[in-house]
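Trainee: predicted structure and sequence below. I'll ask about it afterward.
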Amino acid sequence: MDIRIKRVYEPYDPADGYRVLVDRVWPRGLTKDKVHCNLWAKFLAPSTAVRKAFGHKPENWGSFQKAYIAELDANPEALEFARKLGSAEFAKQLQAEGFGNPPRITLLFGAKNQTMNQAVVLASWLPRHMS
């Protein structure tokens, strides 16, 4: 499985594969057609408390990562999603639907900072839990 991240405000590209929006709130100013996501996975987003504590401040990045990973590790839906991504059946389904070979998953996020956001953390967390 090829996991990528992309800012939701960037143009849609069919090469993105299976597009998963990982924000808890819908991106401001965008319609569903413009976002073009296959799944809005609010259950993968950090809680409001963790997100607000981070405040997109670089000095809070380390504590945000720890808190968000702890939430993901304790979230049965997130763990189930990771296992689903790692399954041969899901890979075959995505290939059959034209999402690449190997299938590509693109995690969409709305934050302006492209190196310090939940999609960065999630993209590194998912492969460790896909078995």
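Mentor: Done, it's in.
Trainee: grab the nearest non-local neighbour of the most centrally placed residue in the chain.
Mentor: With distances taken as CA atoms, centre = their mean, Leu107 lies nearest the centre of the chain, 3.6 Å away. In space, and not counting its chain neighbours, Leu107 is closest to Ala119: 4.3 Å by CB to CB, 6 or more residues apart in numbering. From N, CA and C alone the C-beta is placed, and that goes for glycine too.
Trainee: how close does the one you found get to Glu89?
Mentor: 25 Å (CB to CB, to the nearest Å).
Trainee: helix or strand with the lowest mean pLDDT in this protein?
Mentor: helix 32-35 (a mean of 92; mean pLDDT, DSSP states H and E).
Trainee: so what touches stretch 78-88?
Mentor: 1, 3, 41, 43-44, 72-73, 90, 105, 125-126, 129-131 (CB atoms under 8 Å, 6 or more residues apart in numbering).
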